[in-house]
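# fold the following.
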Amino acid sequence: MGRGVYEDYMRQRLRDLDVMIASARSRLAETPDDALAADLSRPLAQLERDEAVLRDKLDALAAEPDATWEDLRLEIEDEWDALIQDFEERLASLA
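Model prediction:
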């Protein structure tokens, strides 16, 4: 997969994750269970911060030289996998 195609692909994945996060945040706001809301609000906020870091790295990918962009792509992939796993383990039931 070429650089441009990969960047478009990852940006779409991040948009999809934004939708899932927004859905989880909305459902969390509607829950009558205050303890559940308190327990899940921190992981949700951390997920949003991690997503922002990943988005910044994806933005940096555009400026990365051809010789080294693959290294950053691999780092982005690893972080994406961890981000999705964290979402699925903690918040998927809310999305």
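
# give me the pLDDT value at the spatially most central residue of the chain.
Compute the mean C-alpha point of the chain, and by Cα atoms, centre = their mean the closest residue is Glu51, 3.8 Å away. Confidence at Glu51, expressed as pLDDT, is 93.

# my read: it touches Ile84, true?
No - contact criterion Cβ atoms under 8 Å: Glu51 and Ile84 do not qualify, at 10.3 Å. Glycine gets a C-beta too; all of them are placed from N, C-alpha and C.

# what residues are shared contacts of these two?
Residues touching both Glu51 and Ile84 by Cβ atoms under 8 Å, 6 or more residues apart in numbering: Leu17.

# please enumerate the helices of this protein.
3-30, 34-61, 69-90 (DSSP state H).

# now do the first one, average pLDDT.
Along helix 3-30, the predicted confidence averages to a pLDDT of 90.

# elements contacting that helix?
Secondary-structure packing of helix 3-30 (3 or more Cβ pairs under 8 Å, 6 or more residues apart in numbering; DSSP states H and E): helix 34-61, helix 69-90.

# that concludes my questions; thank you for your assistance.
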